[in-house]
Structure formats: C-alpha cells, structure tokens
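Colleague: Just a sequence and a predicted model for now, questions to come.
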Amino acid sequence: MRGAGSYSAGKQRAVCAMTQRLPALYALRAFEAAARHLSFTRAAAELAITQSAVSRHIRTLEEHFDCRLFERRGRNLHLSAAAQRLLPGLTEGFAALQQACSAVQVDDSLLRMKAPSTLTMRWLLARLSRYRLSQASEVQLTSAWMDVDKVDFIREPFDCAVLLSTGHFPADWHSCELFAEWLIPVCAPQAAGATAWDLDRLKQAELLHPTPDRRDWRQWLQAMGLAEQVPLKGGQLFDTLELGMVAAARGYGVSIGDLVMVAEDVAQQRLALPWPTAVPSGCSYYLVWPKQRADQERVLRLRDYLQAEVAAMQLPKVDYVGRD
C-alpha cells in the first residue's frame with residue numbers, strides 16, 4: 001500500500017509540475033490572435049483589450065519560452081520560427097475550447113443569424129419580422145458587410161447564416177438554397193422611359209458600379225454580348241448592391257441589382273428595369289448551419305419559412321439569359 005501511495009503522490013506532483021510549466025491561458029490567447037492577424041492592433045480589437053495589454057502578454061510568453069515570437073521587418077510583423085511551431089496547436093486548441101463552450105451555452109430561446117447587409121435591408125429583415133410574429137420564435141439578426149460572404153461557426157456566435165455562394169461548403173455544415181442571384185440593370189422610374197433601352201441609350205447612361213472592381217456590370221455585359229461595346233471606365237463606385245440601387249433610385253444613373261431584391265421596389269415603382277434581361281451570377285443565397293447544432297428543428301422551421309417566402313414572391317416579367 002505504501003508503494004501505491006507513493007506512486008499516486010508522485011503522479012500528482014508530476015501533473016502539478018506540468019500545469020505550472022504552462023503559460024497563462026490569456027497570454028496564449030493574445031499570442032494566437034496576434035499571430036493569426038499578424039497585428040497587435042487587430043488582436044486587441046478582437047479580444048476587447050488594449051494593444052499594450054497584448055504586447056505585455058507577448059512579452060510574458062517570450063520570457064516563459066526564452067525566445068522571440070515576433071520579428072519586425074519594416075512596418076510588417078512576422079512570426080519567428082518558434083511562433084510558427086506554436087501557432088497551429090494553439091489555434092486548434094482554442095477552436096476546440098470554443099466549440100465545447102458553445103455546445104453548453106446554446107440559448108434555445110432564439111436563433112442567432114448572420115447575413116450580408118444588402119440582403120438584410122432588401123429582403124430578409126421584413127420576413128424575419130413576420131416570422132417572429134407568426135412562429136412566436138425569436139431570430140437575432142446580425143447584418144454584416146462582407147466582400148466575400150463567410151461565417152465561422154467556431155469563432156463567431158451564430159447558429160445559422162445566409163450567404164451568397166457557389167454552394168461549396170464545409171462537410172460539417174447543412175445548407176439549403178433559397179434563391180439564385182440574377183443580375184439586372186436598375187434605374188429611377190423617370191429615367192427608364194416608356195420602352196426598353198437599346199444599346200445607344202445604355203452607352204450614354206451613367207453606369208453605377210455596386211462593386212469597386214465593376215464585376216457585376218462586367219458579368220452582365222459579357223453575358224449579353226455587349227462587353228466590347230459598352231465601356232466600364234468612369235462611373236461612381238460603391239461597396240454594396242444596396243448603395244448602387246439607392247443611387248439609381250435617386251436618379252444618379254443605372255446600376256446593377258439582384259432581381260429578387262429589387263422585385264418589391266419595381267412593383268411599387270421605386271425602381272425600374274430599363275433593360276429587362278437578367279443574367280445569372282453563378283451564385284445563390286444559401287441558409288447554412290452546423291450539423292452539430294443540438295436544436296436542428298428550430299433551424300429547419302426557419303428554413304421552411306424562408307423557402308415558402310421565396311416561392312410566394314411575384315417577380316417582374318423579364319427575359320432570362322442562361323436559364324435552363
């Protein structure tokens with residue numbers, strides 16, 4: 001018995017010694033964020049602490065490991081060789097911790113959703129308001145501007161999201177297509193005229209670009225066979241479809257919109273379709289959610305509701321290019 005007791009005590013001392021040799025968790029968290037962003041400033045913003053606090057945590061780790069973790073080369077921050085070895089394990093470990101905590105902290109009283117800003121304003125917000133009333137179920141919506149729609153269910157506090165995508169998602173997600181994106185020119189009703197525009201009218205118009213790289217107009221013109229005839233230089237540049245459509249509605253030119261998201265404005269004569277031909281962007285809006293979410297039924301009810309809303313929509317009568 002005495003030998004067994006000595007072994008047990010020795011094992012406990014070894015475990016305690018191992019625990020004592022680990023750096024502080026908050027210091028490791030600060031390093032992981034700073035290394036991932038390659039920026040103390042962005043790490044501080046993510047962790048809601050000051051930049052000087054991040055710096056202190058990094059110094060603590062460097063003293064603990066007795067090595068440098070970051071190197072300055074001009075204005076750029078680079079990981080040392082030791083930091084490159086440390087980062088992958090910490091990133092994986094914090095992701096596992098976040099996932100474990102999220103599984104315990106699920107609030108079954110609401111769904112937390114992330115969605116792009118234009119979709120929120122033009123389509124989703126009104127439907128979620130009706131959903132809350134008809135289903136007596138709360139959805140907490142976070143609208144975010146995203147140049148490329150994305151969500152991180154491990155690091156971000158969301159149960160589901162609506163994303164514009166080609167439909168290639170991680171294997172541990174469920175997904176459901178809501179509607180395809182069809183690009184179409186939009187302008188103010190007074191600018192549209194009584195008949196559809198021809199090429200000369202389009203060439204004379206002020207093009208409004210809802211993306212800085214002009215990709216939406218470029219895609220529409222290429223699908224129409226007009227890319228060589230309508231110049232894309234000049235014109236006002238915006239960050240979102242929403243801003244482009246607002247500018248068009250106010251008479252500043254003709255922008256590109258999404259057919260589903262302009263349908264209500266066209267019906268109420270806030271926007272017009274000067275060239276009523278829609279072309280596919282190749283992307284669709286999808287509802288996505290993680291497979292490991294405990295309350296799948298709540299997301300499925302929301303999915304069914306949104307699909308029914310899409311099916312009930314009355315879209316403007318337009319021609320479709322590239323439609324099967």
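Modeller: Ah, there it is. All values derive from a computational prediction rather than experimental measurement.
Colleague: Just give the number of residues close to Asp159.
Modeller: 23 (other Cβ atoms under 10 Å). Bear in mind the C-beta positions are built from the backbone N, C-alpha and C, glycine included.
Colleague: brain fart, Leu87
Modeller: Leu87 has 17 neighbouring residues, counting by other Cβ under 10 Å.
Colleague: Okay, and the residue nearest to it when sequence neighbours are not counted sits in which element?
Modeller: Spatial nearest neighbour of Leu87, chain neighbours left out: Ala35 (4.8 Å); criterion: Cβ to Cβ, 6 or more residues apart in numbering. Assigned by DSSP states H and E, Ala35 belongs to helix 25-37.
Colleague: packing partners for the helix or strand following that helix?
Modeller: Sequence order places helix 40-47 as the next helix or strand after helix 25-37, per DSSP H and E. Using 3 or more Cβ pairs under 8 Å, 6 or more residues apart in numbering; DSSP states H and E as the contact test, the elements touching helix 40-47 are helix 25-37, helix 51-65.
Colleague: can you list contacts of the shortest one?
Modeller: Contact with helix 25-37 is made by 40, 42-43, 46-47, 49, 53-54, 57-58, 60-61, 64, 69-70, 77, 79, 83, 86-87, 90-91, 94, as judged by Cβ atoms under 8 Å, 6 or more residues apart in numbering.
Colleague: Check the longest one too.
Modeller: For helix 51-65, the external contacting residues (Cβ under 8 Å, 6+ apart) are 23-24, 26-31, 33-34, 40-41, 43-44, 47, 68-70, 82, 86.
Colleague: hey, where'd the strands end up in the stretch 51-200 of the chain?
Modeller: Secondary structure of the stretch 51-200 of the chain, counting by DSSP state E, counting those that start in this stretch: strands at 70-73, 76-79, 110-116, 138-144, 160-165, 173-186.
Colleague: could you dump these to TSV with mean pLDDT?
Modeller: Listed next are those as TSV, based on pLDDT from 0 to 100:
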stretch	mean pLDDT
strand 70-73	90
strand 76-79	91
strand 110-116	93
strand 138-144	90
strand 160-165	96
strand 173-186	97
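Colleague: Of all those strands, which one comes closest to Lys203?
Modeller: With Cβ to Cβ as the measure, strand 173-186 is the member of those nearest Lys203 (12.7 Å).
Colleague: With just CA atoms, put that closest one into PDB.
Modeller: The C-alpha atoms that make up strand 173-186 are tabulated as PDB, following Å, rounded to 0.1, in the frame of the first residue of the first chain:
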ATOM      1  CA  TRP A 173     -22.400  22.200 -42.500                       C
ATOM      2  CA  HIS A 174     -26.000  21.700 -43.600                       C
ATOM      3  CA  SER A 175     -27.100  24.000 -46.400                       C
ATOM      4  CA  CYS A 176     -30.300  24.900 -48.300                       C
ATOM      5  CA  GLU A 177     -30.500  27.100 -51.400                       C
ATOM      6  CA  LEU A 178     -33.000  29.900 -51.000                       C
ATOM      7  CA  PHE A 179     -32.800  31.700 -54.400                       C
ATOM      8  CA  ALA A 180     -30.300  32.200 -57.200                       C
ATOM      9  CA  GLU A 181     -28.800  35.600 -57.900                       C
ATOM     10  CA  TRP A 182     -29.900  37.200 -61.200                       C
ATOM     11  CA  LEU A 183     -28.200  40.400 -62.200                       C
ATOM     12  CA  ILE A 184     -30.300  43.100 -63.900                       C
ATOM     13  CA  PRO A 185     -29.900  46.900 -64.600                       C
ATOM     14  CA  VAL A 186     -32.000  49.200 -62.500                       C
END
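Colleague: how about that strand: buried residues?
Modeller: Neighbour counts over strand 173-186 (16 or more other Cβ atoms under 10 Å) mark 173-176, 178-186 as buried.
Colleague: And those, which is closest to Tyr286?
Modeller: Closest to Tyr286, out of all of the buried residues of strand 173-186 and judged by Cβ to Cβ, is Ser175, at 4.9 Å.
Colleague: ok so, going back, now flag whichever of the buried residues of strand 173-186 is closest to Gln296.
Modeller: The closest of these, once distances to Gln296 are taken by Cβ to Cβ, is His174, at 7.9 Å.
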